[in-house]
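Chemist: Next one to model:
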Amino acid sequence: MAIPASLRQELSDIPILDDPGSLRMRSRDFFWFSPILKETLEDKRAEIVVVPRDKADVMGTAAACARHRVPLTVRGGGTGNYGQAVPLAGGVVLDMTKLDQVIWQRPGAGRFGAGARMLDIDRALAPAGHELRFYPSTRQHATIGGFVAGGAAGAGSCTWGQISDPGAVLGVEVVTVEEEPRVIELRGRDVLKVMHAYGVNGIITEVEVPLAPSHAWCERIATFASLSAAARFAHAFTECDGIAKKLVTVHDPQVVPYLRRLGPYAEIGHAMVIVMVSEPQAEACELLAADHRGKVTFRRDAEEARKAAFAETSGLRPLYEFTWNHTTLHAIRIDPTITYLQLRFPPANNLELVDWVAERFRDEVLLHLEFQRRFGKVTCSSLPLVRYTTAERLNEIMAELEAKSVAVSNPHTFVLDNAGWKRVDAPQAEFKRLADPHGLMNPGKLAQWQAQDLRAIA
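Modeler: Now for the predicted structure:
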């Protein structure tokens, strides 16, 4: 849609970008991991990008969009994968990255501007001996507001679970999109109203989360003769409550060649396990790996790992950038026909199902596993590489996995009510009626507003 001149005039005191390069780059996320979304979303653009400097700018933009009925899409670091940051109906993209302050920190908790990048947060917390409990592999660019709105888990989830676990997010401040915007504080279970809702129901401006005591995280790579052996070690290691750990990732032997920078530490035909473990307990980790007939091929001490994460040294990037959905990025750079899925294995028989998936889809679905706790129980999820042929075949694979009780979240759709466990539930839809009564936020993403939004896009 065309932006009214009167709206531009109302926003004249707030930084605006409207050059073609900025509009293209800030209207995108990593939707192109999906060949289906790439075809659908490639040409979507905002008319302007607004870059608020503070909460007053956010409220001014929200009010102007409400008055002029202009669609508004909120953007953090743009590291999502499903078109969360893509303006389906044009309009305004609201780039939140200038709201990046540490509002306060104390032992056990911190509050941050929604646009604060998670690596920068950990850098700021380090002198006080605190750290975020978990972060995505895109830690360098992902914002904490974007993580709450569109993320789920990451490095640290092997100990601390998911953002949806009770107590994982303590509070969220939200600005409504109305002619007279309100500031609403959500706490306790109410944070679920905006969590993983992709910015459809309120502009997140501040996030309050519990913190963990910081550890000296060192890195290890171990190789195993098979995926099954590697997975059994990873499961056992994750269950070791006496060992402090930040990351437990398993790569199938067929995935390892896509991680070319890790080639010197791989063994042909062997699975690979990447771990981050508290340095004083690295020996205990290595002993357990040996018990499972694993061989440690790479060791990086905690100080060198910290320098790699904070870009204070050249050379090999932090190992978490070879895990989670970074794995897909490495693979696509080598083979552009690769895509991926999102799977969650039930705790009761996750290892048996991992073996079944690996055998059933031997050369088509290549597993890498992220071990974690879900509501206290150890299990694993996967963002497997898929050798893509057709959308029909992709749907067949997902249906067969679901029939076997492997939960699938479809990353090839931007519609929330068609995405497996990311489904938006009633409290989120109800909160949208309160926080976005005109249906202007991220239109096209929420099923209960779909008919109205599709008319706007057409």
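Chemist: Could I get the full set of strands for the stretch 51-200 of the chain?
Modeler: 72-75, 92-95, 102-106, 109-113, 130-132, 171-175, 183-187 (DSSP state E, counting those that start in this stretch).
Chemist: got a markdown table for those, with distance to residue 367 and mean neighbour count too?
Modeler: C-betas here are computed from N, CA, C, even on glycine. Output for the strands of the stretch 51-200 of the chain, formatted as a markdown table (distance: least, C-beta to C-beta, whole Å; neighbours: other C-beta atoms under 10 Å):
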| stretch | distance to residue 367 | mean neighbour count |
| --- | --- | --- |
| strand 72-75 | 32 | 28 |
| strand 92-95 | 35 | 26 |
| strand 102-106 | 38 | 13 |
| strand 109-113 | 34 | 22 |
| strand 130-132 | 27 | 22 |
| strand 171-175 | 34 | 23 |
| strand 183-187 | 36 | 15 |
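Chemist: wait, which of those is closest to residue 202?
Modeler: Residue 202 lies closest to strand 171-175 among the strands of the stretch 51-200 of the chain, at 3.7 Å (C-beta to C-beta).
Chemist: and the closest one, what's its mean pLDDT?
Modeler: For strand 171-175, mean pLDDT rounds to 98.
Chemist: Among the strands of the stretch 51-200 of the chain, which comes closest to residue 415?
Modeler: Ranking these by proximity to residue 415 (C-beta to C-beta) places strand 72-75 first, at 15.2 Å.
Chemist: Output the contacting helices and strands for the closest one.
Modeler: helix 55-68, strand 92-95, strand 203-213 (3 or more C-beta pairs under 8 Å, 6 or more residues apart in numbering; DSSP states H and E).
Chemist: circling back to that earlier point, mind checking the strands of the stretch 51-200 of the chain for the one nearest to residue 198?
Modeler: Of these, nearest to residue 198 by C-beta to C-beta is strand 72-75, at 9.0 Å.
Chemist: contact partners of the closest one?
Modeler: 26, 46, 49, 61-62, 65, 85-88, 91-96, 146, 149, 177, 199, 203-204, 440-442 (C-beta atoms under 8 Å, 6 or more residues apart in numbering).
Chemist: quick one: contacts for residue 78?
Modeler: Residue 78 touches 26, 28-30, 85, 141, 146, counting by C-beta under 8 Å, 6+ apart.
Chemist: Next one: it from residue 145, what distance?
Modeler: Separation of residue 78 from residue 145 (C-beta to C-beta, to the nearest Å) stands at 12 Å.
Chemist: Residue 62 now?
Modeler: Note on residue 62: its distance to residue 145, by C-beta to C-beta, is 15 Å.
Chemist: Residue 288 too?
Modeler: Remark: distance between residue 288 and residue 145 (C-beta to C-beta) = 37 Å.
Chemist: which one of the two has more residues nearby?
Modeler: residue 145 (30 against 16; other C-beta atoms under 10 Å).
Chemist: Residue 202 is in contact with that one, correct?
Modeler: No: under the criterion of C-beta atoms under 8 Å, residue 145 makes no contact with residue 202, lying 10.9 Å away.
Chemist: Only the buried members of the contacts of strand 72-75: can you turn that into a ChimeraX selection?
Modeler: Only the buried members of the contacts of strand 72-75 enter the following ChimeraX selection, criterion being 16 or more other C-beta atoms under 10 Å:
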select :26,46,49,61,62,65,85,86,87,88,91,92,93,94,95,96,146,149,177,199,203,204,440,441,442
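Chemist: Any idea which of the strands of the stretch 51-200 of the chain gets closest to residue 304?
Modeler: Set against residue 304 and scored by C-beta to C-beta, the strands of the stretch 51-200 of the chain come closest in strand 130-132, at 17.4 Å.
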